[in-house]
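Engineer: this one's structure only:
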């Protein structure tokens, strides 16, 4: 239960079990903001405002203030009368190191250092980061960062991101977890997720990875019951061998999607100046290792969101035989090209519909429409026709996945198609991925599909790419068996 601001100012210390390590980082019972500010333009104020919506005790630390946003201020971390699970340090690098030392002495469970100016800043910065990391060695206190935006856990109301929520919408609670080496990429991911209505279970920005890194988080998220898919943006691997071993184990349990940058020489140099990362020298080796570990690879932040959604909602396809359904012949042809072509396509197979399926389709479709793959429902399509056609295709054992190009323009089509797609998806048989064509009005349809856990995309290519991810995931699971 959230503690009110007035109670925070005057209450007595609460005795409770202290949280440590990743528990303290992701679900703290108490949070200190070191460098909290009364100035609304300062990051220390942004973080405090965002945290104030959560379900934990909050302790601003600022020796110059008595109170900020209704919370009593403390001169230092050591002066806080209660145990502190998590401390967020929003101070310049040198000062942040001193504050971190005080947090370790107090026995804080986990510390987030947002400051830049460490290993990404040359030899002097590297030396400062080494000094910071040495404070935590053997202490039992864990460090996230430095040079990080921290964490977002919507279900817990935990938000340490340095960008105000009014400028960067946060997604709702959901089943996709995100680990990012870049705060900006994480923000882009979260904003795209929010635009779709896709929920997340957690987002952790690892920054320079002086302590907590991607392998540990990957293994932790594999055991998280509310996470169905794990996404990662990485510029480097802290331990490449360990990561591939962890990814192989985790991929057997749930999908892992990785956007690995630094693929080119220029990208590797940029990664080094950004987070002090040492990018892998051969992207061909990285690509092969990721595939062997069962990791699905994305190549930009939009694709990362696209693949996360379809894998979280559906999981996998049993094979690569795809049936395309459309009410416009041109879209069916375009989709078929994306399905089969290995050049600007995904090298899958167009399913061969059985004689029974074609007979069932002929009973409900216009006489002049196509009952072969791609299935062309024509402009005479209705919601009921879509329903009957999808039911027939889901019953065909020769169809592994259905790509439905949904057009709302035909006169007898309504927004009831959202219910049709949701019902067919909930049937638990052949998976359906939707491409919805149209203008601004389509956003409401895409949102309705998203709420029903029907993966839907504004372009045919993105929809077929999602199908390909399901096929890749299914093929990996079969190899493991």
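Structural biologist: Yep, it's here. Note that the structure is predicted; figures quoted are calculated from it, not measured.
Engineer: Figure out how far the helix or strand encompassing residue 359 is from the centre of its chain.
Structural biologist: Applying DSSP states H and E as the criterion places residue 359 in helix 355-364. Put simply, helix 355-364 sits 40 Å off its chain's centre (CA atoms, centre = their mean, to the nearest Å).
Engineer: what mean pLDDT would you report for it?
Structural biologist: What helix 355-364 shows for mean pLDDT is 96.
Engineer: Show me what the following helix or strand past it is packed against.
Structural biologist: Downstream of helix 355-364, the first helix or strand assigned by DSSP H and E is strand 375-376. For strand 375-376, the contact count by 3 or more CB pairs under 8 Å, 6 or more residues apart in numbering; DSSP states H and E identifies strand 321-326, helix 329-340 as packing neighbours. For the C-beta atoms, the positions are set from N, CA and C on the backbone; glycine is no exception.
Engineer: rerun that using 10 Å as the cut-off
Structural biologist: strand 321-326, helix 329-340, helix 355-364, helix 383-394, strand 401-407 (3 or more CB pairs under 10 Å, 6 or more residues apart in numbering; DSSP states H and E).
Engineer: Show me this protein divided up by domain.
Structural biologist: 1-147, 168-313, 316-480 (automatic domain parsing).
Engineer: right, and those domains - which one's nearest residue 154?
Structural biologist: Among the domains of the chain, domain 168-313 comes nearest to residue 154, with 4.3 Å by CB to CB.
Engineer: For the closest residue to residue 105 other than its chain neighbours, give its distance to residue 107.
Structural biologist: Spatial nearest neighbour of residue 105, chain neighbours left out: residue 78 (6.9 Å); criterion: CB to CB, 6 or more residues apart in numbering. Distance from residue 78 to residue 107, counting by CB to CB, to the nearest Å: 10 Å.
Engineer: go on, residue 142?
Structural biologist: The value you get for residue 142 to residue 107, if CB to CB is used, is 12 Å.
Engineer: For residue 302, which residues are in contact?
Structural biologist: 188-189, 192, 457, 462 (CB atoms under 10 Å, 6 or more residues apart in numbering).
Engineer: tell me which element it is part of?
Structural biologist: helix 301-313.
Engineer: Regarding residue 445, what is its secondary structure?
Structural biologist: Using DSSP: H, G, I helix; E, B strand; the rest coil, the structure places residue 445 in helix.
Engineer: what about the nearest residue to it once chain neighbours are set aside, which SS state?
Structural biologist: Counting by CB to CB, 6+ apart, residue 445 lies nearest to residue 436, which is 5.5 Å off, once chain neighbours are set aside. Put simply, residue 436 is strand when judged by three-state DSSP.
Engineer: Equivalent analysis for residue 294, please.
Structural biologist: Going by three-state DSSP: residue 294 is coil.
Engineer: Quick check: it touching residue 252?
Structural biologist: Yes. The pair residue 294 / residue 252 is scored as a contact, 7.2 Å apart, by CB atoms under 10 Å.
Engineer: Show me which of the two is the more surrounded one.
Structural biologist: Neighbour tally, residue 294 and residue 252, criterion other CB atoms under 10 Å: the higher count belongs to residue 294, 21 against 13.
Engineer: backbone phi and psi for the more buried one, please?
Structural biologist: phi 80, psi 10 (degrees, to the nearest 10).
Engineer: From residue 311, how far out is it?
Structural biologist: Following CB to CB, the distance that separates residue 294 from residue 311 is 11 Å.
Engineer: hey, what's in contact with both of these two?
Structural biologist: Joint contacts of residue 294 and residue 311 (CB under 10 Å, 6+ apart) are 255-256, 472-473.
Engineer: From residue 84, how far off is the residue lying farthest from the centre of the chain?
Structural biologist: In the chain, counting by CA atoms, centre = their mean, residue 367 sits farthest out from the average C-alpha position, at 45.1 Å. Look at residue 367 and residue 84: by CB to CB, they are 73 Å apart.
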